[in-house]
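1. one predicted model, sequence on top.
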2 protein chains.
Amino acid sequence: MEQLFSTLFEHIEEKAQLTDKEKVLIKGFFKFKKLRRRQYLLQEGDMCKYISFVSQGLMKSYTIDDKGTEHINLFAWEGWWISDFASFIFGNEAKLNIDTVENTILLLLSRENYEKMLTEIPVMERYFRILYQNSLATKDNRLISAHTHTAEEKYALFLDTYPAISQRLPQNLIASYLGLTPETISRIKRKMVKANT
Amino acid sequence: MEQLFSTLFEHIEEKAQLTDKEKVLIKGFFKFKKLRRRQYLLQEGDMCKYISFVSQGLMKSYTIDDKGTEHINLFAWEGWWISDFASFIFGNEAKLNIDTVENTILLLLSRENYEKMLTEIPVMERYFRILYQNSLATKDNRLISAHTHTAEEKYALFLDTYPAISQRLPQNLIASYLGLTPETISRIKRKMVKANT
DNA sequence: CCCAGATCAAAAAATAGGATTGATCTAAAT
DNA sequence: ATTTAGATCAATCCTATTTTTTGATCTGGG
């Protein structure tokens, strides 16, 4: 119970200092949620009522095209937030699906508690400002990479950027994230292995 | 789309007559939900905002004890309703978990629409009265059986009472429903086969 | 016209879910 | 005290589902 917040506090304290009093307050704003592997947190068309902090586990958010293919938008593991932001902020229907890749424990923050927390604990303004700023910056990277790199480069870059998480992901999900087919990844791998021997 | 309501209308019309006008009205009160195999509909601690009619598929509701063992409360297949009734009616936190055994299509009825439907379509009062009355009666059966029958009798009775659904359930779930271990069921089966040869 | 990568179909490999078996253990009923 | 029904634990087996790989063929942009 206690320990589930430690990931969150560590994460916050990378960006802003917290007093013990603040920590106690913060805890009060969150709800727990445990999800088994491959469970939905959010489906397209639902309202996204929470932003969720991953305390343990691994999730993905994605869209599904007309052909039924998943396009992964984001992976979130320990220390990441995940939600359909447009739906959470503006209250419209979610365009994203979110589900778990591994069994996951989440800390949920409702819109109401989010606002409350920001007014009652001003240092959290700073935390979220930095958080958003960072994710905006990486989102740009992602778009640039999509255009300028070959399949092999994208894959190598992914392994390089997220070595730990690559281990935890089946490679068809990596493919979906990179906008490639699983077959392509498989062939790239074979080529890479050969090149190394 | 149309056809998803046919199970519901058939089920209602076993208990009360409906005009075409009423059918159109009724449709308006429901939302669809599609769930893959092994997905949650409801978790302990959530609010149960809907009662759900199973249009296709198979679900279970259950509690989890301190040791992490599931105790199945109810199976619901085509033509059954499922929910955490206490949570739906009184608005407290759900004590039950509900998830799918097979891919399932549900018709969801919110508390608000439930009330509306009952006032706007009085014949539905009769439908639900009979429905509740019947489930109360079977619940008694269940309790009696738990005390008075041996494992073998319980299992045989289950197969006999729900021959069709037994086919669709893995036997560890039947075990959990009957308050037995999977091993015990396995041994009973072996015994029964022997006895028949 | 070439080539990176997609698409389609099938097969192979890896995992996960379920069922079975044997070996104890326990509590209630004789 | 002893029997017995059924639980518990651990290991193994079987089967279904997921994931990866492979080969063959197609496609659109440079």
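-> Nice, I can see it. Numbers count the residues shown, from 1 in each chain, chains lettered A, B, ... in the order given.
2. so who does the closest residue to chain B within chain A touch?
-> Sorted by distance to chain B under C-beta to the nearest C-beta, the residues of chain A start with A:Q39, at 5.8 Å. Just so you know, the C-beta spots here come from the backbone N, C-alpha and C atoms, and that holds for glycine as well. For A:Q39, the set of contacting residues under the criterion of C-beta atoms under 8 Å, 6 or more residues apart in numbering or on different chains consists of A:99-100, B:39-40.
3. wait, which of those residues is closest to A:L35?
-> A:L35 has its nearest neighbour among the contacts of A:Q39 in A:T100, at 4.8 Å by C-beta to C-beta.
4. surely A:G179 and A:H147 touch.
-> No. When contacts are counted by C-beta atoms under 8 Å, A:G179 is not listed as touching A:H147 (10.5 Å).
5. circling back: and the residue of chain A closest to chain B, how far is that from DNA strand D?
-> Between A:Q39 and DNA strand D the distance is 13 Å, computed by C-beta to the nearest atom of the strand, to the nearest Å.
6. ok, that residue to DNA strand C distance?
-> 11 Å.
7. returning to what we had before: any chance of a markdown table for the contacts of A:Q39, columns pLDDT, distance to A:R187 and secondary structure?
-> Below are the contacts of A:Q39 laid out as a markdown table (pLDDT from 0 to 100; distance: C-beta to C-beta, whole Å; DSSP: H, G, I helix; E, B strand; the rest coil):
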| residue | pLDDT | distance to A:R187 | secondary structure |
| --- | --- | --- | --- |
| A:D99 | 96 | 28 | strand |
| A:T100 | 97 | 29 | strand |
| B:Q39 | 95 | 33 | coil |
| B:Y40 | 96 | 37 | strand |
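8. show me which of the residues you listed are buried.
-> Listed as buried from those are A:99-100, B:39; burial here means 16 or more other C-beta atoms under 10 Å in any protein chain shown.
9. convert stretch A:178-195 to PDB, retaining C-alpha atoms only.
-> As requested, C-alpha coordinates have been extracted for stretch A:178-195 and formatted as PDB (Å, rounded to 0.1, in the frame of the first residue of the first chain):
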ATOM      1  CA  LEU A 178       7.300   2.200 -35.000                       C
ATOM      2  CA  GLY A 179       4.800   1.900 -37.700                       C
ATOM      3  CA  LEU A 180       6.300  -1.200 -39.200                       C
ATOM      4  CA  THR A 181       5.000  -4.700 -39.600                       C
ATOM      5  CA  PRO A 182       6.100  -7.600 -37.400                       C
ATOM      6  CA  GLU A 183       7.600  -9.300 -40.400                       C
ATOM      7  CA  THR A 184       9.800  -6.400 -41.100                       C
ATOM      8  CA  ILE A 185      11.100  -6.400 -37.600                       C
ATOM      9  CA  SER A 186      11.800 -10.100 -37.800                       C
ATOM     10  CA  ARG A 187      13.800  -9.600 -41.000                       C
ATOM     11  CA  ILE A 188      15.700  -6.700 -39.600                       C
ATOM     12  CA  LYS A 189      16.600  -8.800 -36.500                       C
ATOM     13  CA  ARG A 190      17.900 -11.600 -38.700                       C
ATOM     14  CA  LYS A 191      20.000  -9.200 -40.600                       C
ATOM     15  CA  MET A 192      21.400  -7.700 -37.500                       C
ATOM     16  CA  VAL A 193      22.400 -11.000 -36.000                       C
ATOM     17  CA  LYS A 194      24.200 -12.000 -39.200                       C
ATOM     18  CA  ALA A 195      26.000  -8.700 -39.300                       C
END
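10. let me see the ranges of the strands in chain A.
-> Assigned strands in chain A, in chain order: A:30-35, A:40-42, A:50-56, A:58-64, A:70-77, A:81-82, A:97-100, A:104-110 (criterion: DSSP state E).
11. from the contact counts, what lies against the fifth one?
-> Read that as strand A:70-77. With contacts defined as 3 or more C-beta pairs under 8 Å, 6 or more residues apart in numbering or on different chains; DSSP states H and E, strand A:70-77 has these neighbours: strand A:58-64, helix A:163-168, helix A:171-178.
12. all set now, cheers.
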